[in-house]
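1. Generate coordinates for the sequence data below:
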Amino acid sequence: MGLSVSKPEKVNKFMESFKVVDSSTGEELNKLPGIDLGWDYNPGKAWLGADIAAGKSVINLSTGLQKLAIPQFNEAVLKSQQYYIKQVN
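-> Numbers count the residues shown, from 1 in each chain. The predicted structure follows:
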């Protein structure tokens, strides 16, 4: 197919982030060349980020606190289940 591999020194400049200001929010962001704002993360993973963080913090509790926290955590998840189903659909 006539393809060749580029040398690292030719592509390294495309791997360096630079600062850009989001005009709608004024927030200063790091951006990679060729990747538009909003395409630099996994939205599905970000959507579940709070749940994952909460689950990890419960795991790091002592056994006694886990016994108290896990039922509360599970109840909260069950209460929000319909919301998640609606959002996914």
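2. All the strands of this structure, in order from the start?
-> For the chain, strands defined by DSSP state E occupy the ranges 18-21, 28-31.
3. Let me have those strands in TSV, extended by distance to G2.
-> C-beta coordinates here come from the backbone N, C-alpha and C atoms, glycine included. Converted to TSV, the strands of the chain look like this (distance: least, C-beta to C-beta, whole Å):
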stretch	distance to G2
strand 18-21	33
strand 28-31	32
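4. which of those strands is buried the deepest?
-> When you average the neighbours per residue for each of these (mean count of other C-beta atoms under 10 Å), strand 28-31 leads with a mean of 12.
5. What is that one packed up against?
-> Strand 28-31 sits against strand 18-21, with contacts defined as 3 or more C-beta pairs under 8 Å, 6 or more residues apart in numbering; DSSP states H and E.
6. contacts for the strand it packs on?
-> Strand 18-21 is contacted by residues E27, E28, L29, N30, K31, P33, L37 when judged by C-beta atoms under 8 Å, 6 or more residues apart in numbering.
7. before we move on, the earlier item: out of the strands of the chain, nearest to N12?
-> When the strands of the chain are compared by C-beta to C-beta, strand 18-21 sits nearest N12, at 13.6 Å.
8. got the contact list for Q66?
-> Residues in contact with Q66 (C-beta under 8 Å, 6+ apart) are V58, I59.
9. helices and strands of this protein: which one has the lowest mean pLDDT?
-> Confidence across the helices and strands of the chain bottoms out at helix 43-47, with a mean of 75, counting by mean pLDDT, DSSP states H and E.
10. ok, back up a step: which of the contacts of strand 18-21 lies closest to K86?
-> Nearest to K86 among those: L37, at 27.6 Å, using C-beta to C-beta.
11. Could you measure from the closest one over to S80?
-> Spatial separation of L37 from S80 under the definition C-beta to C-beta, to the nearest Å is 29 Å.
12. how much space between the most centrally placed residue in the chain and T63?
-> For the chain, the residue nearest the mean C-alpha position is A46 (3.3 Å; C-alpha atoms, centre = their mean). Between A46 and T63 the computed distance is 31 Å (C-beta to C-beta).
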